[in-house]
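Asks: Can you look at this prediction? I've put the sequence above it.
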Amino acid sequence: MLIQLNGENYSRWKFEIEAVLEARDCLDVVSGETSCPQKDESEIKAWKKRDALARSIISRSLDDFHHAFIRSCKTSKDMMNCIVRIKEQATLSSKLLVSSEFHAYTWKPGMNVASFIAGLNVIVSKMQSFQIELHDEIIIGKVIQCLPSDFDSFRQSWRLSAPKAITLSDLTFQLLACESDQLCRFMQAVSIGEALVGKRTTSKEPNENSKKRNIECWNCMKKGHSRSECRSQ
């Protein structure tokens, strides 16, 4: 059963269709290596038969969308060239788009280490699907570059003593540990702050004696008691 070309499987389609054409002894006709003879009628007839077989194979391997592009083609070579031109131009555009997406990717507000790395991995997977070579050093450099100011100490330490051999998984593990330490320090600071606020509030509450010292008697005009408690009455 022939694989059908769709919007996402061009590389596999091209690989498999070339294998089928070679197995049916007509790949050289499609590639243009063997052109149609000019004089010998029997050779012309044999070539046309092989070309028709190749056209049939290519035609049956296309979905309706791609089939529309090759209906005006006269030879199998024209058909293959038409599909290759369309798909490889689209592939080039897709490569440029996903490469731009990689370079534009940043750490957005609300992200943490896990969500940032997950988003980056999605883009890297897209690039790999287009056979865009991307070394670990480039990906790791991208991660370090995008870290927010909370990781300034980590970034500085990394630049001073970065290991010679490290994977993205190793870096992710270190960043998760750093993020966990930051969270612990933040929670400790919050607890200390709440304790200090509570202590200040307690110390500011006046006791009953201090309240009485500020009361002024209307009868004797002295402080420390109210009129009802005044002994001068």
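Replies: Done, it's in.
Asks: got the contact list for Glu88?
Replies: Tyr10 (Cβ atoms under 8 Å, 6 or more residues apart in numbering). Quick note: C-beta positions are derived from backbone N, CA and C, even for glycine.
Asks: residue ranges with poor pLDDT in the protein?
Replies: 162, 186, 189-228, 230-233 (pLDDT under 70).
Asks: In terms of residue numbering, what are the domains of it?
Replies: Taking automatic domain parsing as the criterion, the chain consists of the domains 10-92, 105-204.
Asks: Going along the chain, name the helices of this structure.
Replies: Counting by DSSP state H, the segments of the chain that form helices are 10-23, 27-31, 41-60, 64-70, 76-104, 113-129, 136-146, 152-161, 168-204, 208-213.
Asks: what's the closest non-adjacent residue to Gly119?
Replies: Spatial nearest neighbour of Gly119, excluding adjacent residues (Cβ to Cβ, 6 or more residues apart in numbering): Tyr105 at 6.8 Å.
Asks: Around the one you found, how many other residues sit close by?
Replies: Around Tyr105 there are 16 other residues, counting by other Cβ atoms under 10 Å.
Asks: What of the one 3 residues further on?
Replies: Residues near Lys108, counting by other Cβ under 10 Å, number 11.
Asks: cool, and Ile140?
Replies: 18.
Asks: Touching, it and Ser169? I think so.
Replies: No. The pair Ile140 and Ser169 does not pass the contact test of Cβ atoms under 8 Å, sitting 10.5 Å apart.
Asks: who's in contact with the residue lying closest to Lys126 once chain neighbours are set aside?
Replies: Nearest residue to Lys126, sequence neighbours excluded (Cβ to Cβ, 6+ apart): Val98, at 4.7 Å. Neighbour list for Val98: Ile123, Lys126, Met127, Phe130, Ile132 [criterion: Cβ under 8 Å, 6+ apart].
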